[in-house]
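Asks: With the input below, show me the fold.
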Amino acid sequence: MEHKGTVTLETDRLVLRRFTLADAGAMYENWASEDAVTEYLTWPTYGSVDVSRSVLADWVKGYESADFYQWAIELKELGQVIGSISVTAQNPSTESCELGWCIGSRWWGRGIMPEAGRAVLRYLFDEVGFARAGATHAVGNPKSGRVMQKLGMRYEGTLRRAGRCNRGIIDEVRYAILKDEFPAEERETFRPMRRSRQQLSLAETEDILIRGSTGVLAVSGDGGCPYAVPVNYLYRDGKIYIHCAREGHKLDAVTRDSRVCFCVVDRDEVLPEKFTTAYRSAVAFGHVRLLEGDELARAVYDLGLKYCGAPEAVREHVEGALPRLACMEIEIEHLTGKEGLELNRQRDV
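Replies: Got it, this is the predicted structure:
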């Protein structure tokens with residue numbers, strides 16, 4: 001390993017750089033004063049900008065050491081820091097480290113933290129020489145776990161009552177990634193379709209999802225064994241909704257690892273004389289978010305309405321069943337549609 005300290009890194013939207021004392025105001029206003037941000041962290045919400053200045057003074061001094069890694073996340077379009085990402089612990093004997101991060105709630109859900117994390121991991125693996133990077137989140141904070149999954153980290157286990165944060169003693173969920181598991185290209189890059197001539201347009205692919213009644217959900221099941229199961233679903237506003245019981249294999253799987261694949265076959269006509277089939281299908285990759293409250297009730301109602309079509313009957317049924325139901329929302333990251341050669345040839349006729 002060759003420690004090189006906190007150097008400036010840049011992505012499409014971000015500049016990752018050293019903090020300065022001039023960042024105290026933005027640090028306080030943009031995230032350090034938010035209870036929502038610190039809920040699962042080990043440090044309390046800052047009471048004033050003076051606390052930010054004191055912390056930054058320590059970090060600025062820390063930059064004198066080559067093994068100190070603490071980046072400010074500056075959003076280019078804003079010109080201000082909106083969060084931080086750092087190496088929180090190191091083990092030189094195993095060439096491993098732990099990462100930690102936080103970001104203001106106004107920027108949650110925009111893919112900013114995975115973007116920053118990939119840049120940091122690439123630097124730590126390729127330039128510094130770390131062989132392993134891990135991260136931990138509280139069981140009650142799955143959003144942080146989704147960042148770890150998007151970074152390509154693998155679930156390694158849950159340590160019961162092993163940590164403490166502002167919520168008290170918590171179960172810790174452990175993730176990690178090895179250097180040789182982190183590709184040179186972006187982890188979220190999906191393979192292009194090999195037979196691109198058979199690829200459907202986005203509108204045609206979405207039409208398959210809209211018209212379909214049954215799809216197959218594939219998850220990482222117990223012990224990492226793949227698990228695929230047919231499900232009813234709803235496609236709405238670019239997202240897929242699937243209901244299930246509040247306990248079971250599917251729910252346990254997506255709680256551990258929110259990455260899923262979902263497939264719908266629109267047509268499957270066997271052509272024995274040609275040793276092929278005339279098929280059309282859609283495949284989506286994405287991450288699952290479990291819905292609660294009004295979002296859960298609306299999604300389950302809309303699912304029922306898709307299959308029943310009688311609003312009052314659906315409403316009555318949902319009201320009675322809702323306490324026993326959960327609902328997954330799949331945020332699609334990659335979507336493709338494909339049709340068999342026979343259907344493709346018909347287009348050319």
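Asks: Low-confidence ranges, this protein, go.
Replies: 184-190, 341-349 (pLDDT under 70).
Asks: tell me the domain boundaries of it?
Replies: 9-181, 196-348 (automatic domain parsing).
Asks: how far does the first one stretch from start to finish?
Replies: The first residue of domain 9-181 is 21 Å away from its last residue (C-alpha to C-alpha, to the nearest Å).
Asks: Find the helix or strand that the residue nearest the centre of the chain is a member of.
Replies: Nearest to the mean C-alpha position of the chain, by C-alpha atoms, centre = their mean, lies Arg146 at 3.6 Å. Applying DSSP states H and E as the criterion places Arg146 in helix 142-150.
Asks: And the next helix or strand after that helix, what does it pack against?
Replies: Next along the chain after helix 142-150, taking DSSP H and E as the criterion, comes strand 154-165. With contacts taken as 3 or more C-beta pairs under 8 Å, 6 or more residues apart in numbering; DSSP states H and E, strand 154-165 sits against strand 132-138, strand 168-178. Using the backbone N, CA and C atoms, a C-beta is placed for each residue, glycine as well.
Asks: run the last query once more with 6 Å
Replies: strand 168-178 (3 or more C-beta pairs under 6 Å, 6 or more residues apart in numbering; DSSP states H and E).
Asks: Starting from the strand it packs on, tell me which strands it pairs with and how they run.
Replies: strand 132-138 (antiparallel), strand 154-165 (antiparallel) (DSSP bridges).
Asks: Single out the most deeply packed of the ones you listed.
Replies: strand 132-138 (a mean of 21; mean count of other C-beta atoms under 10 Å).
Asks: Please compute how far the helix holding Arg146 lies from its chain's middle.
Replies: 5 Å (C-alpha atoms, centre = their mean, to the nearest Å).
Asks: buried ones in it?
Replies: For helix 142-150, a neighbour-count test (16 or more other C-beta atoms under 10 Å) marks 142, 144-150 as buried.
Asks: What lies in contact with it?
Replies: 113-114, 135, 137, 173, 175, 257-259, 287 (C-beta atoms under 6 Å, 6 or more residues apart in numbering).
Asks: which of those residues count as buried?
Replies: Buried by 16+ other C-beta under 10 Å: 113-114, 135, 137, 173, 175, 257-259, 287, out of the contacts of helix 142-150.
Asks: so which of the residues you listed comes closest to Cys102?
Replies: Met113 (8.7 Å; C-beta to C-beta).
Asks: So what touches the helix or strand hosting that closest one?
Replies: If you go by DSSP H and E, Met113 is part of helix 112-123. Applying C-beta under 6 Å, 6+ apart, the set of residues contacting helix 112-123 from outside is 9, 11, 14, 16, 73, 85, 101, 103, 133, 147, 150-151, 182.
Asks: Can you list the buried residues in it?
Replies: The neighbour-count check on helix 112-123 (16+ other C-beta under 10 Å) flags 112-121, 123 as buried.
Asks: hmm, back to that, dump the strands paired with strand 168-178 to CSV, plus distance to Arg246.
Replies: Below are the strands paired with strand 168-178 laid out as CSV (distance: least, C-beta to C-beta, whole Å):
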stretch, distance to Arg246
strand 132-138, 21
strand 154-165, 19
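Asks: sorry, back to before: please identify which of the buried ones among the contacts of helix 142-150 is nearest to Arg167.
Replies: Of the buried ones among the contacts of helix 142-150, the one sitting nearest to Arg167 (C-beta to C-beta) turns out to be His137, at 11.9 Å.
Asks: Excluding residues flanking it in the chain, which one is nearest that closest one?
Replies: When the adjacent residues along the chain are set aside, His137 lies closest to Ser144, with 3.8 Å between them (C-beta to C-beta, 6 or more residues apart in numbering).
Asks: Tell me how far the nearest residue to Glu39 once chain neighbours are set aside lies from Asn141.
Replies: Nearest residue to Glu39 in three dimensions, chain neighbours excluded: Asn166, at 5.9 Å (C-beta to C-beta, 6+ apart). Using C-beta to C-beta, to the nearest Å, Asn166 is found at 11 Å from Asn141.
Asks: Equivalent analysis for Gly100, please.
Replies: 12 Å.
Asks: Bridged to Gly100, which residues?
Replies: Bridge pairing for Gly100 - DSSP bridges - gives Ser86.
Asks: So it versus Val120, what's the distance?
Replies: Gly100 is 11 Å from Val120, by C-beta to C-beta.
Asks: Likewise for Met153?
Replies: From Met153 to Val120 the distance is 13 Å (C-beta to C-beta).
Asks: do Phe285 as well
Replies: 24 Å.
Asks: next one: the helix or strand encompassing Glu312 to chain centre, how far?
Replies: Secondary structure assignment for Glu312, by DSSP H and E: helix 311-321. Mean-position distance between helix 311-321 and its chain equals 32 Å (C-alpha atoms, centre = their mean).
Asks: How about stretch 273-291?
Replies: Using C-alpha atoms, centre = their mean, the offset of stretch 273-291 from its chain centre is 21 Å.
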